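Novice: Got a sequence here, can you build the structure:
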Amino acid sequence: MEIGSQKQTSAAVIWTGILAGLNHPGAAGRLAACLADTVTWSKVVAEARRLHVTPLLYAGLKAVSEGGVPPSIMEALRCATLAAGARSARLEQAAGSVVAAAWDAGIPLLVLKGLALQNLAYPAGVVRVMDDVDVLVSPAHRPQLRDLLRRRGYRDDVRGEEDFFAPDLSYSIDVHTHVVNTTRLPARAALWLESFDEIWRRRRPFHLGSVPAWTLGPQDTLQHLAMHAVHHHGMQGTMWMADLAAAMRTWPDTLHGVRDAPSGVRRSAWYCLEVLAARGGVSAPGSCAALQPGRRFPGERRLLALVARDQAGSHIRYALTLACLPRWSDRAAFVRQMIFPSEPVYATAFGDAGPPPPQGWLTHWRHAVRLVASGLVRRRPQARWPHT
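Specialist: Residues are numbered from 1 along each chain as shown. As a prediction, the model looks like this:
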């Protein structure tokens, strides 16, 4: 089998395995068909680990009765899933303790992404791999939460951002004051300008073990996942697409409400729907057509095609953000902040510990140069997207 064919088969096994693990309709049958081909299992396991989707793949393969999968591979996936589950349990315990303390102190707190998705959107018993705990708090309550975390031994002097690391540096609690990441690029805030109080009113309850907690409402969850995938990660990483697929399966009607969201949110959701459809197995043609912007910028389709084929770098997030920002003044501010940083956080660490990392502004400049050098905005979009 040729190398390109092996890569395509591995990608198909992983993606259909993810969807089968999420109980998407018809995914188990498609996965069984993929397993009929010759599969290089060592590559599949290594890639699933790199993409942080091992537990989903393991659940998907179990859903098709493990047919055609070597026992040693299932054992390797099982062990990796148990390790992910142990970390998830530790993070759940840590988050529950902080949430309970914050509530006692009168601090409204929303848990974002990992733990909330695992409890509400992922099938029962399926682990969502996570490195840290993300929480959302109002700007007014952030100083109180900071002091609370410091009293509990957390340190925010390791990376100099919103990350509060546990005393042993094994995980962090990332404190956000906006649903869009604005730490280094404040102009991103124009993408979604709702206040914390508005989002808090639409919150949804869940439990961290025995501790009551709150997270974003279903529509806000889907919108936040799309925004995070597009503007923070440049749509790199299969895990973010898996999160969106899980949210769409759990709350299928929420896409209708996204049509009334701010223009940048709608465009970001459209990007994600297009890529999910191109990868196969997840589609919402009515919603996709409704969210499609009336005016598209040069190169947008090509960027999405590259993402669907896993041929794009994270630097494309700058181009996608420029397209999604609502006004030209917002775009000008975004470019200015990217190239000429004015906040101290730009020039502080990009790593968690160890040797001093490069200055932040150098990283932003390097991404900007890569984007311009790629010439994406000057090329015509390709006619068709290949499907996985």
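
Novice: The stretch 101-250 of the chain: strands as residue ranges?
Specialist: Counting by DSSP state E, counting those that start in this stretch, the stretch 101-250 of the chain has strands at residues 110-112, 133-136, 163-165, 172-176, 204-208, 211-215.

Novice: Dump those strands to CSV, plus distance to Val53.
Specialist: From N, CA and C alone the C-beta is placed, and that goes for glycine too. Listed next are those as CSV, based on distance: least, CB to CB, whole Å:
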stretch, distance to Val53
strand 110-112, 19
strand 133-136, 19
strand 163-165, 24
strand 172-176, 21
strand 204-208, 22
strand 211-215, 21
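
Novice: can you tell which of these is closest to Ala277?
Specialist: Closest to Ala277 of these is strand 110-112 (CB to CB; 25.7 Å).

Novice: partners of that closest one in the sheet?
Specialist: In the sheet, strand 110-112 lines up against strand 133-136 (antiparallel) (DSSP bridges).

Novice: which intervals of the stretch 101-250 of the chain have sub-threshold pLDDT?
Specialist: Residues of the stretch 101-250 of the chain that meet the criterion pLDDT under 70 lie in 158-161.

Novice: residue ranges with poor pLDDT in the stretch 251-388 of the chain?
Specialist: 299, 307-314, 341-388.

Novice: middle-most residue in this protein, spatially?
Specialist: Among the residues of the chain, the one closest to the centroid is Trp240, at 3.6 Å (CA atoms, centre = their mean).

Novice: measure Ala290 to Asp260 for me?
Specialist: 10 Å (CB to CB, to the nearest Å).

Novice: Of those two, which one has the most company?
Specialist: Neighbours were counted for Ala290 and for Asp260 using other CB atoms under 10 Å; Ala290 has more, 15 against 9.

Novice: for that one, what are its contacts?
Specialist: Arg259 (CB atoms under 8 Å, 6 or more residues apart in numbering).

Novice: Where does it sit: helix, strand or coil?
Specialist: Taking DSSP: H, G, I helix; E, B strand; the rest coil as the rule, one finds Ala290 in the helix state.

Novice: got it, and Ala261?
Specialist: coil.

Novice: Isn't it up against His224?
Specialist: No - with contact defined as CB atoms under 8 Å, Ala261 does not count as touching His224 (10.9 Å).

Novice: how about JSON lines for the strands of the stretch 101-250 of the chain, with mean neighbour count and distance to Trp41 added?
Specialist: Below are the strands of the stretch 101-250 of the chain laid out as JSON lines (neighbours: other CB atoms under 10 Å; distance: least, CB to CB, whole Å):
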{"stretch": "strand 110-112", "mean neighbour count": "24", "distance to Trp41": "34"}
{"stretch": "strand 133-136", "mean neighbour count": "24", "distance to Trp41": "33"}
{"stretch": "strand 163-165", "mean neighbour count": "23", "distance to Trp41": "36"}
{"stretch": "strand 172-176", "mean neighbour count": "21", "distance to Trp41": "34"}
{"stretch": "strand 204-208", "mean neighbour count": "15", "distance to Trp41": "35"}
{"stretch": "strand 211-215", "mean neighbour count": "19", "distance to Trp41": "36"}
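
Novice: so which of those gets nearest Ile73?
Specialist: For the strands of the stretch 101-250 of the chain, proximity to Ile73 was assessed by CB to CB; strand 133-136 is nearest, at 31.1 Å.

Novice: So what's the residue count around Ala247?
Specialist: Residues within reach of Ala247, counting by other CB under 10 Å, total 24.

Novice: packing partners for the longest helix out of those in the chain?
Specialist: As assigned by DSSP state H, the longest helix anywhere in the chain is helix 71-104. Helix 71-104 is packed against helix 41-50, helix 54-63, helix 114-120, strand 133-136, helix 142-151, strand 172-176, strand 204-208, strand 211-215, with contacts defined by 3 or more CB pairs under 8 Å, 6 or more residues apart in numbering; DSSP states H and E.
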